[in-house]
Structures are given as structure tokens and as C-alpha cells.
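*Asks:* here is my input; please provide its structure:
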Amino acid sequence: QVQLVESGGGLVQAGGSLRLTCAASGRTSSSYAMGWFRQAPGKERNFVAGITWNGDRTYYSDSVKGRFTISRNTAENTVYLQMSSLKPEDTAVYYCAARGGAYYYTPRPNEYDFWGQGTQVTVSS
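*Replies:* Numbering: from 1, shown residues only. Next up is the predicted model:
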């Protein structure tokens, strides 16, 4: 089992920045591809960014490309999502997810094994 805890969300004005952190504990000796998803009220959970288990490849959805950066510190079992130039449409609950025994991320939520509880990001106009 792996436990994931997100932090770093909050209220920010449009154009501002936030850094989300996902801290993993438990069976972290295994390799996990990681993903960040977000879900706005009344909408489905969407893939935002992914990173391979060793951090050598990343992926971003078109809506955040050039503004968000995903990274990981494997030694500290932590994944980050640096968000810049935030827009009101970025408002959502952000979740990190781990895909057990997988090198690559995937945009499909049902292919992740572990999820955090989510952290709210609100961008005001």
C-alpha cells in the first residue's frame, strides 16, 4: 500500500503561482509512475500532468502546457506540480495518483492504484 498526501493548494489571483506537493509513504520502495489530475465541480476528473517512475519523461495536457511543471524527488518520495500563470479555469481539486509497477503514466484515472485526498486550488479573476 502507498499513501499519498497532497498539499500546497489555496486561493491565488489570476497570473499567480502555486506549488503542489504530493508526499508518498508506505511501500515506496516500488516504482511508480505518477500523475496529477484535477476535477472541477460537476465535471469529470481530468489528467493534467504525468511523470515516469524515474522522472526522465513528462507529459502535460494542452490546457496547462507551458504553465505547469511536474517533477519528482525519488529519494524523498515526493512529486511536485509547479503551477504558474494561473487562470480561473484552473480552479479545481487537484489529486495526485500513483501507478504501481509502471514506468509510464497514463491519462486514464482507472489505471492508477493509489490516490491522495486532493487539495483545492482556487484562482480568482
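*Asks:* and the closest residue to residue 39 other than its chain neighbours, how many neighbours?
*Replies:* Computed as CB to CB, 6 or more residues apart in numbering, the closest residue to residue 39 that is not its neighbour in sequence is residue 45, at 4.3 Å. C-beta: built from backbone N, CA, C; applies to glycine. Look at residue 45: counted by other CB atoms under 10 Å, it has 16 neighbours.
*Asks:* equivalent analysis for residue 44, please.
*Replies:* Neighbours of residue 44 (other CB under 10 Å): 8.
*Asks:* for it, phi and psi?
*Replies:* Main-chain torsions, residue 44, degrees, to the nearest 10: phi -80, psi 160.
*Asks:* could you look up the SS state of the residue nearest to the spatial centre of the chain?
*Replies:* For the chain, the residue nearest the mean C-alpha position is residue 36 (2.3 Å; CA atoms, centre = their mean). Assigned by DSSP: H, G, I helix; E, B strand; the rest coil, the conformation of residue 36 is strand.
*Asks:* can you check the pLDDT for residue 82?
*Replies:* pLDDT recorded at residue 82 is 98.
*Asks:* which strand or helix spans the closest residue to it other than its chain neighbours?
*Replies:* Sequence neighbours aside, residue 69 is the residue nearest to residue 82 in space, at 4.4 Å (criterion: CB to CB, 6+ apart). Assigned by DSSP states H and E, residue 69 belongs to strand 68-73.
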